[in-house]
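A.B. asks: Make a model of this:
(chains A and B)
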Amino acid sequence: GAVVSQHPSRVICKSGTSVKIECRSLDFQATTMFWYRQFPKQSLMLMATSNEGSKATYEQGVEKDKFLINHASLTLSTLTVTSAHPEDSSFYICSARERQGASYEQYFGPGTRLTVT
Amino acid sequence: GESVGLHLPTLSVQEGDNSIINCAYSNSASDYFIWYKQESGKGPQFIIDIRSNMDKRQGQRVTVLLNKTVKHLSLQIAATQPGDSAVYFCAGGRGSSNTGKLIFGQGTTLQVKP
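C.D. replies: Have a look, this model is predicted:
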């Protein structure tokens, strides 16, 4: 199946700093990528939909100025957590959608563990 | 609004037994559903999906059943193995929507006892 990578896999940053997380589709082009956040022992919560060449669509309650999303190419989307605080510590997961004929398949990355100290 | 939920937070089964994980959904507009397996510290892994025009689909050792009347789906794992221990999520989406958004349930932890 198609592969989606994330970098870094783990990051520790100090409160007030910004962190960038990359999501790449390695062997396919993805016009749409999704960013999720997952707290311990909880489900995945969709944060935003990232469309190549256009602005991201954020879910209700997600601050677009805090979670900056850029989808500059068909294989790369980035999530930047600006002015991070301890409550932003979470597991961030991206997924990429590949068109297969008349339908789509969605593939998930391995996740990025963010710890804000 | 859309929501997808799971009945039990934890399921413990004996190795070799069959496992059944349940999921309920509220939005009739969801026309396809996916089961994912997530191991600790990793991203979700696709297991099997089913479209709303089907009521059953089988894969290798897994079967998904969909009951649209009561808005319920289940994942059956045959001959459960220790490697099946993980958290299982159901997710619902609308194929007719160009966004491809998925709504995830809360997850069921499957524990396989040797």
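
A.B. asks: Spell out which residues sit in contact with the closest residue to chain A within chain B, please.
C.D. replies: For chain B, the residue closest to chain A is residue B:43, as judged by C-beta to the nearest C-beta, at 4.1 Å. Backbone N, C-alpha and C define where each C-beta goes, glycine included. Shown in contact with residue B:43 (C-beta atoms under 8 Å, 6 or more residues apart in numbering or on different chains): A:4, A:6, A:93, A:108, A:109, A:110, A:111.

A.B. asks: What does the pLDDT read for it?
C.D. replies: The per-residue pLDDT reported for residue B:43 equals 95.

A.B. asks: What of the one 3 residues further on?
C.D. replies: Predicted confidence (pLDDT) at residue B:46: the value is 92.

A.B. asks: for it, what are its contacts?
C.D. replies: Residues in contact with residue B:46 (C-beta under 8 Å, 6+ apart) are A:1, A:107, A:108, B:34, B:36.

A.B. asks: So the fourth one is in contact with residue B:88, correct?
C.D. replies: The reference is to residue B:34. No: the pair residue B:34 and residue B:88 does not pass the contact test of C-beta atoms under 8 Å, sitting 11.0 Å apart.

A.B. asks: For these two, list the residues in contact with both.
C.D. replies: What both residue B:34 and residue B:88 touch, as defined by C-beta under 8 Å, 6+ apart, is the set residue B:47.

A.B. asks: re earlier: specify which member of the contacts of residue B:43 is nearest to residue B:73.
C.D. replies: For those, the residue nearest residue B:73 by C-beta to C-beta is residue A:108; the value is 19.8 Å.

A.B. asks: Give the bridge partners for that closest one, please.
C.D. replies: On the basis of DSSP bridges, residue A:108 is bridged to residue A:95.

A.B. asks: unless I'm mixing things up, it is touching residue A:93, no?
C.D. replies: Yes: if you go by C-beta under 8 Å, residue A:108 and residue A:93 touch, sitting 6.0 Å apart.

A.B. asks: any weak-confidence spans in chain B?
C.D. replies: Along chain B, segments meeting pLDDT under 70 span B:1-8, B:95-99.

A.B. asks: Quick one: name the residues of it near chain A.
C.D. replies: Residues of chain B lying near chain A by C-beta under 8 Å from any C-beta of the partner chain: B:36, B:41-46, B:89, B:95, B:99-107.

A.B. asks: Now the spatially most central residue of chain A: which helix or strand?
C.D. replies: Nearest to the geometric centre of chain A sits residue A:35, at 3.4 Å (C-alpha atoms, centre = their mean). Per DSSP states H and E: residue A:35 is located in strand A:32-38.

A.B. asks: cool, residue A:93 as well?
C.D. replies: Here residue A:93 is covered by strand A:90-100, with elements defined by DSSP H and E.

A.B. asks: Show the contacting residues for the residue of chain A found nearest chain B.
C.D. replies: Minimum separation of chain A from chain B (C-beta to the nearest C-beta) falls at residue A:108, amounting to 4.1 Å. Going by C-beta under 8 Å, 6+ apart, residue A:108 touches A:4, A:93, A:94, A:95, B:36, B:43, B:44, B:45, B:46.

A.B. asks: Using CSV, write out every CA atom in stretch A:66-86.
C.D. replies: Provided in CSV are the C-alpha atoms of stretch A:66-86 (Å, rounded to 0.1, in the frame of the first residue of the first chain):
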residue,chain,number,x,y,z
LYS,A,66,-2.1,28.6,16.3
PHE,A,67,-2.0,25.6,14.0
LEU,A,68,-0.6,26.8,10.7
ILE,A,69,-1.0,24.4,7.8
ASN,A,70,0.8,24.6,4.5
HIS,A,71,0.3,22.2,1.6
ALA,A,72,2.7,23.6,-0.9
SER,A,73,3.1,20.5,-3.0
LEU,A,74,1.2,17.3,-3.9
THR,A,75,3.5,15.3,-1.6
LEU,A,76,4.0,17.5,1.4
SER,A,77,1.9,19.2,4.1
THR,A,78,3.3,20.9,7.2
LEU,A,79,1.7,21.6,10.5
THR,A,80,3.3,24.3,12.6
VAL,A,81,2.3,24.6,16.2
THR,A,82,3.0,28.2,17.1
SER,A,83,3.7,29.5,20.6
ALA,A,84,3.3,26.0,21.9
HIS,A,85,2.1,25.4,25.5
PRO,A,86,2.0,22.2,27.6
